[in-house]
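>>> sequence plus predicted model, see below.
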Amino acid sequence: MLSDALGATAVASIPPGQRAIDYLEAGGDMIVVNRTPDAVAMAEALVAKANDDPAFARRIDQSVLRVLREKERLGLLPCG
């Protein structure tokens, strides 16, 4: 599942890192964000949570595999 913009004004009151964690915990796979500082904060929060929570790390792995499998199905792998 691909997110709508997690940098939208409607969710701006939620810290970026928490937005990312909540989205993945809700079953999302790929985050769209329109601000680099938010993307950095999200990535840092996801890494920190994955380092502290093996179940969450597995959840991220599942998302990555789903995205890569879909790219492969669409002929988008290998990249570059």
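Thanks, I have the structure now.
>>> what bits of this protein have low per-residue confidence?
Low-confidence segments of the chain, defined by pLDDT under 70, are located at 79-80.
>>> just give me the longest helix of it.
Among all segments of the chain classified by DSSP state H, the helix with the greatest residue count is helix 54-73.
>>> list the contacts of that one.
Helix 54-73 is contacted by residues 21, 24-25, 28-30, 46, 49-51, 77, 79 when judged by Cβ atoms under 8 Å, 6 or more residues apart in numbering. No exception for glycine: its C-beta is placed from N, CA and C like everyone else's.
>>> tell me where the chain has helices.
Residue ranges of the helices in the chain, as given by DSSP H, are 16-25, 36-52, 54-73.
>>> would you turn the contacts of helix 54-73 into CSV with neighbour count?
Formatted as CSV, those follow (neighbours: other Cβ atoms under 10 Å):
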residue, neighbour count
I21, 20
L24, 23
E25, 11
G28, 16
D29, 18
M30, 14
L46, 20
K49, 19
A50, 18
N51, 10
L77, 12
C79, 5
